[in-house]
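Asks: Here you go, sequence then predicted model.
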Amino acid sequence: MLQSQLFYKTLKEDPKDEQSINAKLLLRAAFVHKEMAGVFSYLPLGLRVLRKIENIIREEMDNIGGQEIFMSVLQPKAIWEETGRWSKMGEIMYRCQEESGKEVGLGSTHEEMITDIIRRFVNSYEDLPLYLYQIQTKFRKELRAKSGLLRGREFGMKDLYSFHSSEEDFRKFYEIIKKSYLKIIKKCGLDPIFTEASGGDFTEQYTHEFQVLAKDGEDTIIYCEKRDFSENKEISKLSVGQKCPKCGFLLKEGKSIEVGNIFPLGTRYSKDMNAYFIDKDGQRKLIIMGCYGLGLSRLIGSIVEVHNDEKGIIWPSSVAPFQVHLIHIQDKKGKVREEADKLYVNLQKENVEVLYDDRINVSVGEKLAEADLIGIPIRIIISEKTIAEKSVEIKKRSEANAKLVKIKELGKVLKL
Ligand code: ATP
Ligand code: MG
């Protein structure tokens, strides 16, 4: 992509009224545009990151046998009345009334809708287990929508729902999901901590959260550095400095962000909504369910909260909008431009995602400051000086030092 064509415009100053690091940086670097509190539009750079994360998630969900669906956002009141949640969800759910007087809600979550769907399709134990997921926009009336992408009123979530004929089968899948979520979050460049948490509104039992340590996180966890124990402080009977019940190490306390939450639902929804199957023994039984949420927008916000410095964002390469930021430093004869154009074409041939700063009449200082703000993992500078050495200068966004690399060895250095 030519930077001269890219739809973006950076801000030199932090936007007013933003407190969170992720909102400041994502707005300054034009990854997103803020419409109002908790409501963001994705611009080209931000959308590339979003797609990367979606693909990491899709690949993993398909690996474990998930099938992707796409449920509607507009939801009828009737299904929510079946579970008694229409009245309970009043504070969270956006609702409106149609001309006819009928009420509908915007999906804040999809347990009712998915149960409504599967009860029409699942008849027998042979139809189970079933794993259905979607990547969808959710709407919630969040009162504290002040932390950028971490807490939106309109936000992206991946929600998976599983359906089983036995508790044992459910348990097995719960373990698979645990591993799978840890893998996804690690692939996004974060270090997840599997954390026991309260049941909340959804279930009487415990639930599990995937927490990421971050100094401005809203949650607090009591955890063991060995990652064999972690509890949300809200429910924990232990505190910092006490011994880990698993390994005896001293427990720590840390601020964190909940990026995912998984729930054993049991028969909570199948019972209220009459979702049965006929088991091997001919008996009619309730379907056992689990649901598994992963915050897509919140993952982006978390990555920025964790990976940044005073100059800007430092994207992990798995989710970066581009892999390489090629910057040409103009000379009078236009020789550098010619070489840079060549390099751009060659890198593209090798399927490297390159953002090429081809702009003229922009100062070197401004180019470099923007590159740091945008945070692409590898910066390649080509100038009169480097060309004299038949080289380019390479610098990783995460490292301080740059090095000269011969152009003909670039492929090797970039591991192409
Ligand atoms: P929180 O406690 O932070 O309000 P929650 O427990 O209500 O979140 P869940 O219903 O568990 O959220 O949703 C699953 C995942 O969706 C969360 O783990 C989080 O990553 C994401 N998520 C929830 N609410 C928001 C929001 N308002 N903005 C962005 N992501 C969200
Ligand atoms: Mg939660």
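Replies: That came through fine. Ligands and ions are numbered 1, 2, ... in the order given.

Asks: And the pLDDT at residue 136?
Replies: The per-residue pLDDT reported for residue 136 equals 97.

Asks: In this structure residue 401 contacts residue 395, no?
Replies: Yes: using Cβ atoms under 8 Å, residue 401 is in contact with residue 395, at 7.1 Å. The C-beta positions use only the backbone N, C-alpha and C, and glycine is treated the same way.

Asks: Between the two, tell me which one has more neighbours.
Replies: residue 395 (18 against 7; other Cβ atoms under 10 Å).

Asks: Quick check: phi and psi at residue 407.
Replies: Main-chain dihedrals, residue 407, degrees, to the nearest 10: phi -60, psi -40.

Asks: got the contact list for it?
Replies: By Cβ atoms under 8 Å, 6 or more residues apart in numbering, the contact set of residue 407 is 339, 343, 390-392.

Asks: Quick check: ChimeraX command selecting the buried ones in those residues.
Replies: Buried residues among the contacts of residue 407 (16 or more other Cβ atoms under 10 Å), as a ChimeraX selection:
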select :339,343,391,392
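
Asks: Closest to residue 379 out of the contacts of residue 407?
Replies: Set against residue 379, the nearest of these by Cβ to Cβ is residue 392 (9.9 Å).

Asks: Tell me who's in contact with the closest one.
Replies: 343, 380-382, 386, 404-405, 407, 410.

Asks: Any of those buried? List them.
Replies: Buried among these by 16+ other Cβ under 10 Å: 343, 380-382, 386, 405, 407, 410.

Asks: Could I get these in CSV, plus columns for distance to residue 209?
Replies: Output for these, formatted as CSV (distance: Cβ to Cβ, whole Å):
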residue, distance to residue 209
343, 45
380, 40
381, 42
382, 46
386, 48
405, 43
407, 48
410, 43
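
Asks: among the residues you listed, which are in helices?
Replies: Among the buried ones among the contacts of residue 392, the members falling in helices (DSSP state H) are 343, 386, 410.

Asks: got the contact list for the first one?
Replies: It refers to residue 343. Contacts of residue 343 by Cβ under 8 Å, 6+ apart are 326, 380, 382, 392, 407, 410.

Asks: Relative to ligand 1, which of the residues you listed is nearest.
Replies: Ranked by distance to ligand 1 (Cβ to the nearest ligand atom), these are led by residue 326 at 33.7 Å.

Asks: Name the helix or strand for the closest one, please.
Replies: Per DSSP states H and E: residue 326 is located in strand 324-328.

Asks: Could you give the average pLDDT over that strand?
Replies: For strand 324-328, the mean pLDDT works out to 98.

Asks: Number of residues surrounding residue 304?
Replies: Neighbours around residue 304, by other Cβ under 10 Å: 28.

Asks: Quick one: low-confidence residue ranges for the stretch 251-400 of the chain.
Replies: The stretch 251-400 of the chain contains no residues with pLDDT under 70.

Asks: Which parts of it are helices?
Replies: Along the stretch 251-400 of the chain, counting by DSSP state H, counting those that start in this stretch, helices occupy 268-272, 296-306, 335-349, 364-374, 384-388.

Asks: Same question for the first one: list its buried residues.
Replies: Under the neighbour-count criterion of 16+ other Cβ under 10 Å, helix 268-272 has 268-270, 272 buried.

Asks: cool, the longest one as well?
Replies: Going by neighbour count (16+ other Cβ under 10 Å), the buried part of helix 335-349 is 336-337, 339-341, 343-344, 347.

Asks: Convert the C-alpha atoms of that helix to CSV, please.
Replies: Extracted C-alpha coordinates of helix 335-349, given in CSV (Å, rounded to 0.1, in the frame of the first residue of the first chain):
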residue,chain,number,x,y,z
LYS,A,335,17.5,8.0,-7.5
VAL,A,336,16.3,6.9,-4.0
ARG,A,337,12.7,6.9,-5.1
GLU,A,338,13.6,4.6,-8.1
GLU,A,339,15.3,2.1,-5.8
ALA,A,340,12.5,2.3,-3.2
ASP,A,341,9.9,1.7,-5.9
LYS,A,342,11.9,-1.4,-7.1
LEU,A,343,12.2,-2.7,-3.5
TYR,A,344,8.5,-2.1,-2.9
VAL,A,345,7.6,-4.2,-6.0
ASN,A,346,10.0,-7.0,-5.0
LEU,A,347,8.7,-7.2,-1.5
GLN,A,348,5.1,-7.4,-2.7
LYS,A,349,6.2,-10.2,-5.1
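
Asks: so the closest residue to ligand 1 within the stretch 251-400 of the chain bridges to which residues?
Replies: Residue of the stretch 251-400 of the chain nearest ligand 1, by Cβ to the nearest ligand atom: residue 295 (2.2 Å). Legend: beta-bridge partners of residue 295 under DSSP bridges are residue 157.

Asks: re earlier: and the contacts of residue 343 as JSON lines, adding distance to ligand 1?
Replies: Shown next, in JSON lines, are the contacts of residue 343 (distance: Cβ to the nearest ligand atom, whole Å):
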{"residue": "326", "distance to ligand 1": "34"}
{"residue": "380", "distance to ligand 1": "35"}
{"residue": "382", "distance to ligand 1": "40"}
{"residue": "392", "distance to ligand 1": "40"}
{"residue": "407", "distance to ligand 1": "44"}
{"residue": "410", "distance to ligand 1": "39"}
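
Asks: Show me which residues of the stretch 51-200 of the chain sit near ligand 1.
Replies: Applying Cβ under 6 Å from any ligand atom, we find that the stretch 51-200 of the chain lies next to ligand 1 at 109, 140, 142, 151-152, 155, 157.
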